[in-house]
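> 3D, please:
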Amino acid sequence: MSAMTYKVIFHHNLNDEMAFNQGLNNIMNLLKSTPEEKHEIVMLFNGPAVSLMAWDDCLPFLERIKEFHARGVRFLVCENALDKFEVNREDLIEECVLTPAGITALIDLQYQGFAYIKP
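Next comes the predicted model:
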């Protein structure tokens with residue numbers, strides 16, 4: 001019997017630290033509850049949420065971000081939103097992967113079978 005692959009995208013579009021923390025907790029709970037399964041986990045940041053991935057704003061979450069990144073979680077950040085909300089790319093933590101348009105990435109991932117979670 002082959003293992004299931006949990007494919008999930010956690011979408012953040014507001015600059016809301018409580019929702020960000022909840023999303024990280026959701027990832028921790030998913031990984032804990034399905035240790036034998038494969039995972040493809042993405043956190044997508046667009047809109048004002050892109051600032052959550054800047055060094056100053058994500059320091060309280062950095063340890064968990066680094067742990068999850070080491071376990072294969074991808075942190076996608078919308079370039080359009082970086083420009084709109086004047087967040088410098090140099091201010092982002094190194095675990096970020098830029099995507100030209102967060103909305104397009106969100107649609108593409110759902111088309112590929114990723115479950116949508118909005119913490």
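> List phi and psi for Phe61.
Dihedral pair for Phe61: phi -110, psi 0, per degrees, to the nearest 10.
> Run through the neighbouring helices and strands of the longest helix belonging to the chain.
Looking across the chain with DSSP state H, the single longest helix is helix 17-33. In terms of contacts (3 or more CB pairs under 8 Å, 6 or more residues apart in numbering; DSSP states H and E), helix 17-33 is packed against strand 5-12, strand 38-45, helix 62-70. (C-beta placed from N, C-alpha, C; glycine too.)
> Show the average pLDDT along it.
Average pLDDT, helix 17-33: 97.
> what's it in contact with?
6, 8, 10, 12, 39, 41, 43, 49, 52, 57, 60-61, 64-65, 68, 71, 73, 117, 119 (CB atoms under 8 Å, 6 or more residues apart in numbering).
> For this structure, name the helix or strand with the lowest mean pLDDT.
helix 55-58 (a mean of 92; mean pLDDT, DSSP states H and E).
> list the buried ones in it?
57-58 (16 or more other CB atoms under 10 Å).
> what about dumping the CA coordinates of it to CSV?
Backbone C-alpha positions of helix 55-58 (Å, rounded to 0.1, in the frame of the first residue of the first chain) are rendered in CSV as follows:
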residue,chain,number,x,y,z
TRP,A,55,13.0,39.8,9.2
ASP,A,56,11.6,42.3,11.7
ASP,A,57,8.0,40.9,11.6
CYS,A,58,8.8,37.2,11.5
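> Low-confidence stretches in this protein?
Along the chain, segments meeting pLDDT under 70 span 1-2.
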